[in-house]
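Visitor: sequence plus predicted model, see below.
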Amino acid sequence: MSEKLATVRLLLVDEGTFHHEEVQIPAGVMAGYDRLIDCLMEDPAVLKRLHVDVSRICTAELANGER
C-alpha cells in the first residue's frame, strides 16, 4: 500500500527572483509539528524525499487546502 502524500507549495527567492515549486511529502508527518516549515526542515521522512534550502523559502503552504 502506498503512503498518502500531501502537496506543499513553496514560494522561493533566488537573487531577487521569486518562483513557486510544488513538492510532495508524506501526509502523516505533519501532525507532529506546529509549523509546516519545521516539518520540512526536521522530519526524517521528508528529508529522505527532498532537500530544501530553507534560507530561500518565503512561504510554505498546503496546496488545495489539504490537511
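Guide: Received, thanks. Numbering: from 1, shown residues only.

Visitor: for Gln24, what are its contacts?
Guide: 5-8, 49 (CB atoms under 8 Å, 6 or more residues apart in numbering). C-beta here means a position set from N, CA and C on the backbone, and glycine is covered the same way.

Visitor: what subset of the residues you listed is buried?
Guide: Among these, those scoring as buried are 6, 8 (criterion: 16 or more other CB atoms under 10 Å).

Visitor: among the contacts of Gln24, which are in strands?
Guide: Judged by DSSP state E, strands contain the following of the contacts of Gln24: 5-8.

Visitor: reformat the residues you listed as CSV; add distance to Ala27.
Guide: Shown next, in CSV, are the ones in strands among the contacts of Gln24 (distance: CB to CB, whole Å):
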residue, distance to Ala27
Leu5, 6
Ala6, 4
Thr7, 9
Val8, 10
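
Visitor: which of these lies closest to Ala63?
Guide: Among the ones in strands among the contacts of Gln24, Thr7 lies closest to Ala63 (CB to CB), at 4.0 Å.

Visitor: in contact with the closest residue to the closest one other than its chain neighbours, which residues?
Guide: Spatial nearest neighbour of Thr7, chain neighbours left out: Ala63 (4.0 Å); criterion: CB to CB, 6 or more residues apart in numbering. Taking CB under 8 Å, 6+ apart, we find Ala63 in contact with 6-9, 22.

Visitor: again, only using 7 Å
Guide: For Ala63, the contact set (CB atoms under 7 Å, 6 or more residues apart in numbering) comprises 7-9, 22.

Visitor: mind listing the strands for this protein?
Guide: Along the chain, counting by DSSP E, strands occupy 5-14, 17-26, 57-62.

Visitor: any chance of those in TSV, with mean pLDDT too?
Guide: Compiled in TSV, these are given as follows (pLDDT from 0 to 100):
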stretch	mean pLDDT
strand 5-14	95
strand 17-26	95
strand 57-62	94
